[in-house]
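[1] I'll drop the sequence and a predicted model, then ask my questions.
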Number of protein chains: 2
Amino acid sequence: MNQVRETVLKSFATAAHDHGRCIKTALAKAEQACVTSGKRLTPLRRRVLELVWGSHEPVKAYELLALLGQEREQAAPPTVYRALDFLQDAGLVHRIASLNAFVGCGEPREGHVSQFLICTACGTVAELADPALSSRIADCAERLGFRVARETMEIEGTCRNCQKTGKAGDHA
Amino acid sequence: MNQVRETVLKSFATAAHDHGRCIKTALAKAEQACVTSGKRLTPLRRRVLELVWGSHEPVKAYELLALLGQEREQAAPPTVYRALDFLQDAGLVHRIASLNAFVGCGEPREGHVSQFLICTACGTVAELADPALSSRIADCAERLGFRVARETMEIEGTCRNCQKTGKAGDHA
DNA sequence: ACCACTGGCGTTACTTAATAACAGACAGGC
DNA sequence: GCCTGTCTGTTATTAAGTAACGCCAGTGGT
């Protein structure tokens, strides 16, 4: 059985970790990824990415819109949705369908799988990248002649911290 | 490795299967389940369930609303959403988050897992219930001290039929 | 230098999705 | 009868997402 990826451990250690640094790293990686793949990380897109990375909690499109509205006159829905579309295509953010929200992706790579643990108490989201899961899915699908294009896995529950502190907030 | 459940095979065999019968069975099971658990499957709720079972394709809330509107004067969003909420709680329908849509559940049971194969060509959805997948998820989660409450798995791709016929419709 | 083409963005308007809050109806227990 | 809770009707509003059009800056060809 495979080692569970470090990404996850990091993300749930929110109390401890230096998030400013976390954002910087993410932005740097993103920039790098765009250079490599010839995609244009414009100021607007960069800023949206930065805002998404504001926390490890999923951010809603209209929240982003409001944030953008504070710093520039012009901010309509398409502004933010277009940026988000780009970022998704580039593998820099993931959309969490069950929450209608977005989170930054720590390991930009196109065609990336999308497996998340979502703590409904604190709202934190951790990305999982378990090859065993993916391959099990592939097995099931193949047996049915189904060709997999995209997998979405969103697991809600309570993270270790929130179990300890008995939190029960409603970030569902 | 476990046998993949029959449910799936049935659902993708849409061309062949007698859907009228399929609905009837589902409704009967639902009624039974409600009796057993002391829940009230009112005429409205029953009708909504029936409409959801109209096909094996996911149905949108506002489509249901329109259908309801044809047969009764009064049909506002809450009408249909409340019915859907009830049906979800009772485990009679599933919500497919990535599509904002609903499908009937062939095996009503509360706390049911939710694993779907979604054909983006024909729109058909098949429910998967693979214990191995669930247990692998549980493993990953446990290792991180994460307590799983609900799992959502939505796998998009192309079903066997559509691969053969080369269909490429956009039921994404 | 000029032109055409493209991609990114601004803007307006609209559709779809979902929920809040309040009011009436109705059923069952006492 | 009356109280209580649950189901439904109704109105209004918020959130989410998309369509369509036009401008402009950069790029590449001639």
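    Cool, got the structure. Numbers count the residues shown, from 1 in each chain, chains lettered A, B, ... in the order given.

[2] show me which helix runs longest in chain A.
    The residue-count maximum for a helix in chain A (DSSP state H) belongs to helix A:19-37.

[3] what helices or strands is that one leaning on?
    Counting by 3 or more Cβ pairs under 8 Å, 6 or more residues apart in numbering or on different chains; DSSP states H and E, the packing neighbours recorded for helix A:19-37 are helix A:43-52. To be clear about C-beta, it is placed using only N, CA and C from the backbone, and glycine gets the same treatment.

[4] which parts of chain A are helices?
    Per DSSP H, chain A carries helices over the ranges A:6-12, A:19-37, A:43-52, A:61-71, A:77-89, A:131-143, A:160-165.

[5] what's near enough to touch A:Cys105?
    Residues near A:Cys105 by Cβ atoms under 8 Å, 6 or more residues apart in numbering or on different chains: A:Gly91, A:Leu92, A:Val93, A:His94, A:His112, A:Glu127.

[6] buried ones among these?
    A:Gly91, A:Leu92, A:Val93, A:His94, A:Glu127 (16 or more other Cβ atoms under 10 Å in any protein chain shown).

[7] where's the dip in pLDDT among the residues you listed?
    Across the set of the buried ones among the contacts of A:Cys105, A:Glu127 stands lowest in pLDDT, at 89.

[8] check the gap between that one and A:Gly106 for me.
    With distances taken as Cβ to Cβ, to the nearest Å, A:Glu127 is found 6 Å from A:Gly106.

[9] equivalent analysis for A:Ala83, please.
    From A:Ala83 across to A:Gly106, the span is 19 Å (Cβ to Cβ).

[10] how many other residues sit next to the residue lying closest to A:Arg40 once chain neighbours are set aside?
    Once flanking residues are discounted, A:Arg40 sits nearest to A:Cys34: 6.8 Å by Cβ to Cβ, 6 or more residues apart in numbering or on different chains. Neighbourhood size, A:Cys34 [other Cβ atoms under 10 Å in any protein chain shown]: 19.

[11] so A:Cys34 sits against A:Thr42, correct?
    No - assessed by Cβ atoms under 8 Å, A:Cys34 is found out of contact with A:Thr42, at 9.7 Å.

[12] okay, A:Ala66 and B:Gln163: tell me how far apart.
    The spacing between A:Ala66 and B:Gln163, counted by Cβ to Cβ, is 44 Å.

[13] and DNA strand D, which of the contacts of A:Cys105 contact it?
    Contacts with DNA strand D are made by none of these, judged by Cβ under 7 Å from any atom of the strand.

[14] from these, which single one is nearest DNA strand C?
    Using Cβ to the nearest atom of the strand, A:Leu92 comes nearest to DNA strand C of those, at 13.4 Å.
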